[in-house]
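Visitor: Structure for the following, please:
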Amino acid sequence: MRLHGLYLHTAGQTAQNPATTSNQASRVIDAGVITLRGVSKSFHEQVLYEEADLQINAGDRLALVGPNGAGKSTLFKLILGQEAADSGDILLRSDLTRGYLPQETASVTDKRVLAETLSAVHAASGPVEAKAKKILVGLGFKQTDFERPVAELSGGWRMRVAIARLLLEEPDLLMLDEPTNHLDLESLLWFQDTLANYRGALFLISHDREFINSLVSRIVEVRNGRLKVYHGSFEDYLAERQREDDHLLSAYARQQKEIAELEAFIARFRAKASTASRAQAKIKYLEKMERIVLPEDARTVAFSFPQPSRAGQNVMQFKGLRQSYDGKNWVYNGLDLTLERGQRVALVGPNGSGKSTLIKLMAGTIPFQEGERRLGHNVECGYFSQHRAEMFEPGRTVYEEASGTRRGHSETTIRSVLGSFLFRKDAAFKKVEVLSGGEKSRLGLVKLLLDPPNVMLLDEPTTHLDMASVEALLRALKNFEGTLVFISHDVYFIRQLANHILHVKNGRVTWYPGDYDYFLHKKAQEEGEEGDLFRAEEKIEAAHHKHNTSPHPHLPPQGGKAHSGGKKSKEQKRREAQERQAEYNRRQELQRKQDVIKRLKESEDLLLSELAKPATHADSKHAADLARRLGEIQKQIKTLS
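Guide: Numbers count the residues shown, from 1 in each chain. Modelled structure (predicted):
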């Protein structure tokens with residue numbers, strides 16, 4: 001149905017092939033690109049949307065957030081006409097072109113990579129083909145890949161072809177559902193930079209905070225069946241929502257107190273003839289009371305993960321290690337590397353550089369041809385990969401698998417951890433044999449955290465998590481006392497965890513003994529400020545810290561002191577460089593100290609919460625151990641403060 005220059009999806013209607021089509025009309029109105037009015041949608045007994053409203057205007061940049069299962073992908077399908085609303089209207093501008101990237105599956109075609117990318121446009125001229133090649137290279141393809149059949153590519157690389165096609169097409173509205181899942185860090189930074197200059201409207205779903213902060217100006221939250229818009233960064237949204245939750249929790253607590261008092265009055269006086277009428281009035285008042293219902297994510301659950309046994313100082317050494325998959329081309333040729341207890345190391349580098357191979361060598365899951373891999377005293381390695389088939393018993397439930405560790409956790413702890421990793425309520429009792437690949441990955445992560453080794457090796461652990469689950473994982477890993485090595489394309493995740501960076505490129509491994517900002521600073525010094533990686537990161541930081549006076553609060557000033565003109569002497573340049581380095585070191589030390597205090601206070605809160613539970617003291621030895629750890633942490637906080 002067409003309505004006043006708009007197309008209208010009414011309840012029960014779906015559109016045909018809407019994802020990248022253009023509906024031409026003689027009249028274009030200045031209203032929103034897309035308007036949702038009173039949209040409701042349910043699946044069986046689950047209400048996803050109840051009279052939800054939203055307007056998207058030309059040039060808008062929005063991120064859709066909410067827990068897994070809240071209906072984010074369903075909203076995209078409603079806008080695309082792939083699903084029908086139960087009630088309400090979805091109005092689309094009549095000439096609107098929409099481009100859609102689904103979360104998991106890209107269509108399989110018999111075309112080759114470049115030809116499939118060019119199929120997005122009607123006439124592939126020389127400049128258009130050059131642009132297509134530039135996009136493909138930015139997404140990690142080599143020129144030799146351009147003529148590869150798309151059908152031969154893995155699912156992740158087919159998704160990259162789909163992204164390239166959309167970027168070449170440049171629709172009015174670009175809808176991206178978890179677009180970073182299949183990108184490595186460098187291709188993600190390129191993609192992020194490209195989207196920052198995109199002329200159309202963006203509507204994206206992502207669990208990557210840095211990606212969101214660099215691109216959007218408004219956050220749309222799915223909660224209690226409604227859509228609520230928050231202006232500003234993701235941190236602005238969190239702060240505002242926290243204020244709302246605090247207000248709601250206070251109101252809930254007051255109401256619960258009132259209810260308890262009324263129920264006590266009724267129980268005491270309803271049987272007495274002299275006060276029965278008053279009790280009956282209280283009953284009617286209770287029946288008419290509009291009860292405050294807390295959203296599930298407003299109820300915070302505190303739990304602490306166990307700690308591993310203590311390993312020796314040097315946990316792993318590689319000496320002269322050589323590795324090849326075919327016996328001809330060496331991925332590593334004479335690798336020397338030492339890992340120490342307590343290090344949290346992020347592996348970064350371009351796609352195909354050998355990061356996953358290195359973490360598999362650390363885990364001992366692939367062979368090497370020459371050299372030595374030596375484990376330190378009492379070392380136990382645990383390896384997680386989203387692509388690795390976990391060894392589960394198909395007939396067992398999720399809960400049974402999670403509870404089958406050596407630690408003997410309580411049911412409350414296991415259910416809390418499972419809930420934090422999206423196995424909530426009845427999902428904890430699903431059979432392992434019916435789980436999807438993503439669900440099995442999350443279950444493998446849960447088992448690893450409930451019974452952690454003292455060397456934890458994680459390859460893209462956040463891919464199948466929502467934001468709340470990423471935060472739960474971060475809390476666990478920040479308190480982890482062993483050695484951590486991980487690969488991630490999530491810059492926020494890297495910044496929160498890493499205290500060392502290992503840069504992998506062309507079989508060469510370079511160690512940076514500092515956090516991610518230190519790595520960027522040193523790379524800038526090595527490659528010059530015009531290096532592609534540094535310039536991309538500066539744009540990310542500028543967007544991420546747009547409310548700050550300095551886009552790089554942890555880095556030294558790059559321009560040095562103001563001067564009146566003319567060339568600086570070598571001595572002046574050297575002195576200014578030393579001053580910058582000293583200031584940088586001071587800020588780094590201060591930041592590290594603040595980070596340590598923050599982590600210690602988080603541990604303190606968790607231990608206090610655990611010790612406040614009566615069930616904890618049923619095991620006096622466990623309670624005494626928690627109290628001892630609490631005392632040590634409080635002593636460290638006092639020393640550092």
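Visitor: contacts for the helix or strand containing residue 115?
Guide: Using DSSP states H and E, residue 115 maps to helix 113-118. Helix 113-118 is contacted from outside by 109, 124, 128-129, 132-133, 135-136, 141, 145-150, 153, 161, 164-165, 168, using CB atoms under 8 Å, 6 or more residues apart in numbering. Glycine gets a C-beta too; all of them are placed from N, C-alpha and C.
Visitor: Check which element follows that helix along the chain.
Guide: With DSSP H and E, the next secondary element past helix 113-118 is helix 126-138.
Visitor: Would you mark the buried spots in that following helix?
Guide: The neighbour-count check on helix 126-138 (16 or more other CB atoms under 10 Å) flags 128, 129, 131, 132, 133, 135, 136, 137, 138 as buried.
Visitor: How about the fourth one: what's its closest non-neighbour residue?
Guide: Spatial nearest neighbour of residue 132, excluding adjacent residues (CB to CB, 6 or more residues apart in numbering): residue 117 at 4.7 Å.
Visitor: Could you do the last one as well?
Guide: Using CB to CB, 6+ apart and skipping the chain neighbours, the partner closest in space to residue 138 is residue 190 (4.2 Å).
Visitor: and that neighbour, which of the three is it?
Guide: helix (DSSP: H, G, I helix; E, B strand; the rest coil).
Visitor: these two touch, right, it and residue 135?
Guide: No: Residue 190 is beyond contact range of residue 135, at 9.2 Å (criterion: CB atoms under 8 Å).
Visitor: sorry, back to before: could you dump the buried residues of helix 126-138 into JSON lines and include pLDDT and distance to residue 468?
Guide: Putting these into JSON lines (pLDDT from 0 to 100; distance: CB to CB, whole Å) gives the following:
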{"residue": "128", "pLDDT": "93", "distance to residue 468": "42"}
{"residue": "129", "pLDDT": "93", "distance to residue 468": "44"}
{"residue": "131", "pLDDT": "95", "distance to residue 468": "39"}
{"residue": "132", "pLDDT": "95", "distance to residue 468": "38"}
{"residue": "133", "pLDDT": "95", "distance to residue 468": "40"}
{"residue": "135", "pLDDT": "96", "distance to residue 468": "33"}
{"residue": "136", "pLDDT": "96", "distance to residue 468": "35"}
{"residue": "137", "pLDDT": "94", "distance to residue 468": "36"}
{"residue": "138", "pLDDT": "94", "distance to residue 468": "32"}
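Visitor: Would you mind measuring from residue 524 to residue 517?
Guide: Applying CB to CB, to the nearest Å, the value for residue 524 to residue 517 is 11 Å.
Visitor: Now for the closest residue to residue 459 other than its chain neighbours, how many residues are close by?
Guide: Nearest residue to residue 459, sequence neighbours excluded (CB to CB, 6+ apart): residue 385, at 4.0 Å. Residue 385: 20 surrounding residues under other CB atoms under 10 Å.
Visitor: swap in residue 160?
Guide: 27.
Visitor: Shouldn't it be within a helix?
Guide: Yes: using three-state DSSP, the assignment for residue 160 is a helix.
Visitor: low-scoring stretches of this structure, by residue?
Guide: 1-32, 105-106, 296-304, 387-390, 528-585, 587-589, 592, 614 (pLDDT under 70).
Visitor: Thanks a lot, see you next time.
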